[in-house]
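>>> Sequence plus predicted model, see below.
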Amino acid sequence: MPHTASLSRDLQTDEALPPLLHSLHELRSSVLSLASNHEYIFSGSQTQDISVWEKQTFTLKSTLRGHTGSVLALELAKEKDWLFSSSGDSTVRIWSTAELTPLYVLDPYLETGAGDLFSLAWSPSLQTIYIGCQNTSLQWYDFTSSSFLLSSSSSESASSPRLPPSSSPSLTDLASIQLQGSGTSTPSTVPARKAHKFFDSYPQYERRPADIFARNPGCGPGGGTLSDLDHVPLLSVPPANVIDSAHYGYVYCMAIFERASGSDSDAYQGFVQLATGSGDENVKLWNCTSSGPVLVHEFPCANGAVLALIAAGDTIYAGCQDGYVKVLDLETKTPVRTIIVQEGVDILSMSMLDSDLYTCSADGWIKRWSASFDCTASWRGHDGIVLSSFIDYNKNIWEVDPPAPREEVGGVLPSVGDTMTYALSKFVSIPSVSSSPAHTEDCRQAAIWLKKCLNQLGAHTSLLPTGEGKNPLVLGTFQGTLAKSTPKPRVLFYGHYDVIPAPAEGWDSDPFTLTGRNGYLYGRGVTDDKGPILAIACAAAELLSRRALGCDLVFLVEGEEECGSQGFGETVRRYKDAIGDIDAILVSNSTWIGEDKPCITYGLRGVVHCSLEISSQFPDLHSGIEGGAVVEPMLDMYVCFAWWDVLEFNDYDHVRPQTQEERELYKLLAEVTQRPAASLSSRWREPSLTLHTIEISGPKNATVIPGLVKSQVSVRIVPDQDLDTIVKALVAHLESSFEGMQSPNKLKVKVEHSADWWLGNLDDHWFKALESAVQDVWDIAPLRIREGGSIPSVPFLEKEFGCHALHLPMGQSSDQAHLSNERISLENLHKGKAVVEKFLLNIAEKFSLNG
């Protein structure tokens with residue numbers, strides 16, 4: 001069953017759907033572009049015309065003709081009463097919105113060599129029009145330039161001959177008309193279109209250059225009237241006003257940011273910035289000056305071509321080809337969220353109404369998104385593709401209400417707290433049981449889901465393959481603000497998305513359906529380790545939304561932890577460059593020692609898991625016939641364990657002695673847990689041997705001598721024992737003990753996996769920053785505890801990256817990890833998120849002061 005990746009909640013109601021007010025129909029043509037002022041709606045069509053509709057009556061007022069290609073973009077200069085239109089004919093036309101007449105024709109540099117002119121953006125303060133071109137160039141024309149002012153003055157004083165309305169001139173007559181003026185700066189007037197190198201070309205054998213007479217001399221392809229061919233002043237983009245290869249793809253969309261004096265962001269006062277989106281899957285940000293745009297940042301979107309852009313405050317919304325909307329923060333130069341609108345369906349147009357975002361997709365659907373990125377309404381607006389604001393053979397007008405006023409969080413994006421439990425419900429629903437081949441695909445889907453989840457929350461994400469038959473790692477990086485001049489610390493969070501099996505017996509609810517009861521969330525993985533993963537991810541997203549993430553947080557989440565982390569080490573080494581340098585490691589994969597006092601874990605035991613197999617040369621036998629005549633494998637296994645002396649191989653001489661500080665700590669913890677201090681010491685800091693299973697061949701009844709006996713054992717090791725020494729000593733002890741029996745049976749010993757012990761550094765600033773964060777959130781100093789269990793990846797990551805690890809448990813001791821009715825407290829989950837936020841702020845502040 002497919003798992004929905006979107007973190008946006010569906011908050012739609014029937015009442016939320018806006019009513020359809022009116023439909024404006026274009027006959028035999030698609031609408032490709034829209035613009036409106038206080039009086040008119042302008043619609044650019046595929047058949048080269050611009051329809052002008054009165055807003056009050058919804059009637060057709062006029063048709064602006066002149067383009068000989070599809071009208072791809074419309075842009076208003078409201079303060080000048082101008083309308084810009086760009087077309088597939090490689091021209092930009094400027095119209096008067098007051099008189100509904102043509103004013104100028106603007107040719108891009110290279111004219112038709114620029115290709116289709118996909119996008120326009122007007123800067124009122126710079127009085128400049130920016131043009132996004134098919135040939136990947138970014139061009140602009142300054143209407144305050146001396147050449148334009150001189151041209152405008154000359155054209156106004158010139159005598160421009162006009163044809164009598166009743167005349168029917170030939171195209172030759174029209175082409176011969178010249179505007180009478182003085183000087184080379186006077187703009188020439190030209191026919192309504194220029195010759196196209198392809199469409200106006202002659203057969204090759206004629207060896208003639210392209211001209212407008214190569215087409216049908218009756219009229220242009222749009223069926224224009226004589227008035228379409230009236231002459232208007234011609235302007236040209238100068239060669240200096242061109243950035244070639246501004247993108248490595250067509251420049252499909254643009255958005256202007258005007259920051260006037262008195263802007264909230266002092267750093268941007270008086271700035272004009274331009275955002276451009278392209279088929280190269282990137283959004284580029286340019287500082288616009290009187291001398292032209294200067295590239296300041298590039299946002300990789302990695303979700304197909306960027307087809308639509310819209311600006312709101314200091315935020316860019318980028319609509320992508322694959323059905324994603326990237327939310328990009330301008331001040332910190334970071335992606336803060338990804339909205340999955342509809343995977344695989346292009347986002348072709350977007351609009352903003354206050355804090356509500358409207359997306360228009362290629363399947364004809366329109367969706368409304370709240371400031372918290374939840375879908376509050378969706379409706380099928382058209383039967384065709386929605387390209388501009390709308391596209392098929394008509395324009396539909398909907399009555400939409402602005403959202404209710406909301407309280408800003410830090411003046412930027414809203415809290416993502418509500419996202420956490422919603423995301424956890426989806427994460428838990430994926431039965432990512434790594435030990436079961438039946439759930440291999442579920443594990444892969446969990447990795448894909450988590451990758452998309454982290455991406456939506458603002459991280460750059462990828463999957464790292466670990467080898468055939470193994471589950472991939474999820475790598476996600478939340479990048480801290482780029483505005484800081486000091487170096488940023490980089491923290492690696494390690495977790496795992498795989499879980500152990502959850503048989504239905506013993507559960508009070510479906511283990512793979514998140515269920516809330518009495519302040520707890522129940523489900524497999526909620527405390528180990530899916531809940532903590534999402535709490536920490538949402539903490540990073542929250543800081544991003546507040547522009548407060550002063551460090552990089554790198555997620556490294558594996559899918560084989562419950563099976564010994566197979567392939568983890570090799571994959572980390574292989575992709576170490578992609579992971580980058582790491583300053584500290586954060587883990588959250590255990591629970592408190594009690595119910596009401598927060599803890600920090602600073603130690604883990606190591607482990608050696610070993611399998612034994614004793615087999616005879618005979619098959620299973622009947623004890624009534626062969627009993628006493630053969631050496632039984634089961635008895636050999638029993639004797640092997642009976643002779644087992646841990647002291648012979650477990651290197652007790654290297655166990656780190658207990659300090660007086662530890663003794664005092666164990667006394668304190670004994671009071672909290674009501675357990676003897678010696679018991680805690682035995683569980684946490686002393687070695688142990690455990691016999692886990694004994695399996696036999698045959699029908700397993702009381703009359704059979706099994707021919708094969710298997711068992712599994714583990715040894716827990718502690719500081720300062722050497723892992724390799726223990727492994728070798730364990731195997732040697734088993735083999736020598738069996739050899740001493742002089743049994744005809746055979747022994748096979750296999751070390752399944754091993755992990756080293758780990759002990760944190762309680763004196764470094766990383767631990768103190770975490771301890772301070774816990775105290776600030778819980779209003780109590782955390783208990784310092786150790787764990788008797790093992791996490792193989794923690795000591796490995798410490799050694800690999802040469803830094804310290806920190807372990808923040810979120811759950812309570814009664815969370816039932818690995819057992820039926822696994823749970824986590826909602827309070828612990830939310831406060832765990834808050835602790836991580838505070839910890840990351842502490843670290844960023846520490847580095848800033850030291851920097």
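Arrived safely, thanks for sending. Numbering: from 1, shown residues only.
>>> how about the helices in the stretch 451-600 of the chain?
With DSSP state H, counting those that start in this stretch as the definition, the stretch 451-600 of the chain shows helices at residue ranges 530-545, 568-574, 576-579.
>>> need the contact list for residue 810.
Under the criterion of C-beta atoms under 8 Å, 6 or more residues apart in numbering, the contact list for residue 810 reads 527, 531-532, 535, 588, 591, 824, 828-829, 832. Every residue, glycine included, has its C-beta placed from N, CA and C.
>>> Centre of the chain to stretch 317-324, how far?
The offset between the C-alpha centroid of stretch 317-324 and the centroid of the whole chain comes to 12 Å, using C-alpha atoms, centre = their mean, to the nearest Å.
>>> Would you mind listing the buried residues in it?
Neighbour counts over stretch 317-324 (16 or more other C-beta atoms under 10 Å) mark 317-324 as buried.
>>> count of neighbours near residue 779?
Counted with other C-beta atoms under 10 Å, residues neighbouring residue 779 total 8.
>>> can you pull the pLDDT of it?
The score at residue 779 is 97. That number is its pLDDT.
>>> Return the distance of it relative to residue 472.
Residue 779 sits at a distance of 40 Å from residue 472 (criterion: C-beta to C-beta, to the nearest Å).
>>> can you check residue 790 too?
23 Å.
>>> One more: residue 839?
From residue 839 over to residue 472 (counting by C-beta to C-beta), the distance is 28 Å.
>>> who's more crowded, these two?
In this view residue 839 and residue 472 are compared by other C-beta under 10 Å, and residue 839 has more residues nearby, 27 against 24.
>>> Doesn't that one belong to a helix?
Yes: going by DSSP: H, G, I helix; E, B strand; the rest coil, the assignment for residue 839 places it inside a helix.
>>> Just to check, it is in contact with residue 769?
Yes: Residue 839 is in contact with residue 769 according to C-beta atoms under 8 Å; the separation is 5.8 Å.
>>> Stretch 245-252: which residues count as buried?
For stretch 245-252, using 16+ other C-beta under 10 Å, the buried residues are 246-247, 249-252.
>>> farthest pair in these?
In the buried residues of stretch 245-252, two members sit farther apart than any others by C-beta to C-beta. They are 246 and 252, at 11.9 Å.
>>> any residues in contact with both of those two?
residue 278.
>>> mind checking which helix or strand of the protein has the lowest mean pLDDT?
Lowest on mean pLDDT, DSSP states H and E among the helices and strands of the chain sits helix 171-176, with a mean of 34.
>>> could you list every residue that touches residue 706?
With contacts taken as C-beta under 8 Å, 6+ apart, residue 706 has the following neighbours: 620, 632-634, 696-698.
>>> Next step: these restricted to helices.
Counting by DSSP state H, the members of the contacts of residue 706 that fall within helices are 633-634.
>>> residue contacts, residue 574?
Neighbouring residues of residue 574 by C-beta under 8 Å, 6+ apart: residue 464.
>>> Let me know the pLDDT of it.
According to the prediction, residue 574 has pLDDT 96.
>>> and what of residue 580?
Note for residue 580: predicted pLDDT of 96.
>>> As a check, name the ranges of all strands in the stretch 651-800 of the chain.
688-696, 704-705, 708-717, 746-755, 758-759, 783-787 (DSSP state E, counting those that start in this stretch).
>>> Give the pairing partners of the second one; include direction for each.
Put plainly, it is strand 704-705. For strand 704-705, the pairing partners within the sheet under DSSP bridges are strand 621-622 (antiparallel).
>>> quick one: average pLDDT of the partner strand?
Per-residue pLDDT values across strand 621-622 average out to 92.
>>> contact partners of the next helix or strand after that strand?
In the C-terminal direction, the helix or strand that comes right after strand 621-622 (DSSP states H and E) is helix 623-626. Outside helix 623-626, the residues within contact range by C-beta under 8 Å, 6+ apart are 618, 703-705.
>>> Of these, which is the nearest to residue 305?
Comparing those against residue 305 with C-beta to C-beta places residue 704 closest, at 68.4 Å.
>>> Which residues does that closest one form beta bridges with?
Per DSSP bridges, residues listed as beta-bridge partners of residue 704: residue 622.
>>> can you count the residues close to it?
The burial count assigned to residue 704 is 15, neighbours taken as other C-beta under 10 Å.
>>> From residue 732, how far off is the residue most central in space within the chain?
The centroid of the chain falls nearest to residue 455 when counting by C-alpha atoms, centre = their mean (1.6 Å). For residue 455, the distance to residue 732 (C-beta to C-beta) stands at 50 Å.
>>> and if you look at residue 73?
Using C-beta to C-beta, one gets 78 Å for the distance from residue 73 to residue 732.
>>> Among those two, which residue is more densely surrounded?
For residue 73 against residue 732, the residue with the higher neighbour count under other C-beta under 10 Å is residue 73, and the figures read 26 against 13.
>>> how about that one, phi and psi?
Backbone torsions for residue 73, taken as degrees, to the nearest 10, come to phi -150, psi 150.
>>> Give the bridge partners for it, please.
In this structure, residue 73 has the following beta-bridge partners (DSSP bridges): residue 86.
>>> Tabulate the buried residues of stretch 245-252 (TSV), appending pLDDT, secondary structure and distance to residue 361.
Conversion of the buried residues of stretch 245-252 to TSV gives the following (pLDDT from 0 to 100; DSSP: H, G, I helix; E, B strand; the rest coil; distance: C-beta to C-beta, whole Å):
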residue	pLDDT	secondary structure	distance to residue 361
246	96	coil	27
247	96	coil	23
249	94	coil	21
250	96	coil	20
251	96	strand	21
252	96	strand	15
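>>> quick one: which of the residues you listed is nearest to residue 145?
Closest approach between the buried residues of stretch 245-252 and residue 145, by C-beta to C-beta: residue 246, at 20.5 Å.
>>> from what I can see the closest one touches residue 135, true?
No: in terms of C-beta under 8 Å, residue 246 does not count as a neighbour of residue 135; the distance is 9.9 Å.
>>> so where's the stretch 101-250 of the chain uncertain?
149-202, 204-205, 211-230 (pLDDT under 70).
>>> give me that answer again for 80
Residues of the stretch 101-250 of the chain meeting the criterion pLDDT under 80: 111-112, 146-231.
>>> next one: the chain
In the prediction, the chain carries residues with pLDDT under 80 at positions 1-5, 13-29, 111-112, 146-231, 259-270, 331-332, 381-418, 482-487, 642-652, 848-851.
>>> Tell me where the stretch 301-450 of the chain has strands.
Along the stretch 301-450 of the chain, the segments classed as strands by DSSP E, counting those that start in this stretch run 306-312, 315-320, 324-329, 334-340, 347-353, 356-361, 365-369, 375-380, 394-398.
>>> can you redo the ones you listed as CSV with distance to residue 613?
Output for these, formatted as CSV (distance: least, C-beta to C-beta, whole Å):
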stretch, distance to residue 613
strand 306-312, 59
strand 315-320, 55
strand 324-329, 52
strand 334-340, 50
strand 347-353, 59
strand 356-361, 59
strand 365-369, 59
strand 375-380, 56
strand 394-398, 72
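>>> Quick check: which of those strands is nearest to residue 446?
Per C-beta to C-beta, nearest to residue 446 of those: strand 334-340, 16.8 Å.
>>> Run through who's touching the closest one.
For strand 334-340, the surrounding residues in contact (C-beta under 8 Å, 6+ apart) are 5-8, 299, 303, 315, 323-329, 357, 359, 369, 373, 413, 452, 455-458, 460, 479-482, 541, 544-545, 549.
>>> Spell out the residue ranges of the strands in the stretch 51-200 of the chain.
Listed in chain order, the strands found in the stretch 51-200 of the chain under DSSP E, counting those that start in this stretch are 60-64, 71-77, 82-87, 92-96, 101-107, 117-123, 128-133, 138-142, 189-190.
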